[in-house]
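Chemist: Curious how this folds, go ahead:
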Amino acid sequence: MRTITRPKIEGVRWVSTSEMKSIVDKRARTVLNVSGQTFLRNRKKGMYAELDADSCPGIIELTLIAPSTKVASTRGRKKS
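Modeler: As a prediction, this is how the structure comes out:
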């Protein structure tokens with residue numbers, strides 16, 4: 001019987017800010033053909049609010065790995 005060798009997990013390593021920018025930039029260029037900075041700027045303006053995984057494969061993963069920002073839309077918020 002064959003033994004399955006699983007990779008040893010060494011632990012979690014935090015990524016630096018520059019590493020994260022590079023990761024987001026690479027993914028944004030792959031998914032949307034824009035830089036990471038352009039993606040973040042456009043997302044903040046609400047330009048990608050209507051995109052979904054069917055119309056733009058990879059957008060959900062990109063949104064999850066990108067730093068959170070406040071989105072321009074106020075839909076769903078209660079007025080104080």
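
Chemist: could you point out the longest helix in this structure?
Modeler: Assignment by DSSP state H gives helix 17-32 as the longest helix of the chain.

Chemist: Identify all contacting residues around that helix.
Modeler: 15, 34-40, 56-59, 61-62, 65-67 (C-beta atoms under 8 Å, 6 or more residues apart in numbering). The way it works is simple: take the backbone N, C-alpha and C, and place the C-beta from them, glycine included.

Chemist: of the residues you listed, buried ones?
Modeler: Neighbour counting with 16 or more other C-beta atoms under 10 Å marks 36, 39, 40, 59, 62, 66 as buried within the contacts of helix 17-32.

Chemist: mind giving me a markdown table with those and columns for distance to residue 8, secondary structure and pLDDT?
Modeler: Output for those, formatted as a markdown table (distance: C-beta to C-beta, whole Å; DSSP: H, G, I helix; E, B strand; the rest coil; pLDDT from 0 to 100):
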| residue | distance to residue 8 | secondary structure | pLDDT |
| --- | --- | --- | --- |
| 36 | 32 | helix | 93 |
| 39 | 35 | helix | 93 |
| 40 | 35 | helix | 91 |
| 59 | 33 | helix | 90 |
| 62 | 30 | helix | 91 |
| 66 | 30 | coil | 88 |
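
Chemist: what residue lies at the spatial centre of this structure?
Modeler: residue 62 (2.5 Å; C-alpha atoms, centre = their mean).
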